[in-house]
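# Predicted coordinates and the sequence they were generated for:
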Amino acid sequence: MQALEIVRYPDPVLRQPAKPVERFDAELQELVARMKHTMVHSDGVGLAAPQVGISLRVLVLSEDGTPEKARALINPKVSLSGPKDRETEGCLSFPGIYAEIERPDRIRIEAVDEHGQPQVFEADGWVARIVQHEYDHLEGRLFIDRMSSADRVRIKRDLEHLREEWQAARA
Ligand code: ZN
């Protein structure tokens, strides 16, 4: 299977709120399979469809980065609870950039998988964090929006570099 190309900051698709999936057909199942493959192949633990240039409410995750644990959450609804926690996050659309992000520790998820089967569960810690990060992508929200102002200053150069690369690739 060929990996999909990962869209990098500042591609505008990353800022677009994604549309709900309406058809659970072979095309969707193919997209999910390719997203799982791309995530594992890129050593990621999560990937959202806008990150492969497709503005649909589809995310995949694998908390240990293995294909066995890879699963899809489609049209997810997320409720947050629990105390806030800070952990270091990265993002496949921001290669080389890492920062501590504060997020609630516990979530409840209502979604369906690529076959339309309901996926309702609670999660905390690492899984709760991955789902929140990927869910943000579906809303057009990025982890740089949640960084502390000190971290934003620290990574300013790296962001400029990504913008230059993106512009050069389109020139
Ligand atoms: Zn991300």
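Okay, I see it. Numbers count the residues shown, from 1 in each chain.
# mind listing the helices for the chain?
With DSSP state H, the ranges of helices along the chain come out as 26-41, 125-138, 149-154, 156-170.
# So which of those has the densest surroundings on average?
Per-stretch averages of neighbours, counted by mean count of other CB atoms under 10 Å, single out helix 125-138 among the helices of the chain, with a mean of 21. Heads up, the C-betas are built off the backbone N, CA and C, glycines and all.
# Quick one: work out the angle between that one and helix 26-41.
Counting by axes from the mean of the first three to the mean of the last three CA atoms, to 10 degrees, helix 125-138 lies at 130 degrees to helix 26-41.
# which helices and strands does helix 125-138 pack with?
With contacts defined as 3 or more CB pairs under 8 Å, 6 or more residues apart in numbering; DSSP states H and E, helix 125-138 has these neighbours: strand 46-48, strand 58-61, strand 71-89, strand 99-112.
# Name every strand pairing with the first one and say which way it goes.
When sheet partners are counted by DSSP bridges, strand 46-48 sits next to strand 58-61 (antiparallel).
# Could I get the average pLDDT for the strand it pairs with?
Mean per-residue pLDDT for strand 58-61: 98.
# could you dump that strand to CSV, C-alpha only?
C-alpha atoms of strand 58-61 as CSV (Å, rounded to 0.1, in the frame of the first residue of the first chain):
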residue,chain,number,x,y,z
VAL,A,58,-12.2,11.0,9.9
LEU,A,59,-9.4,10.3,12.2
VAL,A,60,-7.2,7.3,12.9
LEU,A,61,-5.1,6.5,16.0
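# what would the helices of the chain look like in a markdown table with mean pLDDT and distance to residue 73?
Formatted as a markdown table, the helices of the chain follow (pLDDT from 0 to 100; distance: least, CB to CB, whole Å):
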| stretch | mean pLDDT | distance to residue 73 |
| --- | --- | --- |
| helix 26-41 | 98 | 10 |
| helix 125-138 | 98 | 7 |
| helix 149-154 | 98 | 28 |
| helix 156-170 | 96 | 27 |
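# of those, which approaches residue 52 most closely?
With CB to CB as the measure, helix 26-41 is the member of the helices of the chain nearest residue 52 (6.3 Å).
# That closest one - contacts with which helices or strands?
So helix 26-41, by 3+ CB pairs under 8 Å, 6+ apart, packs with strand 46-48, strand 58-61, strand 71-89.
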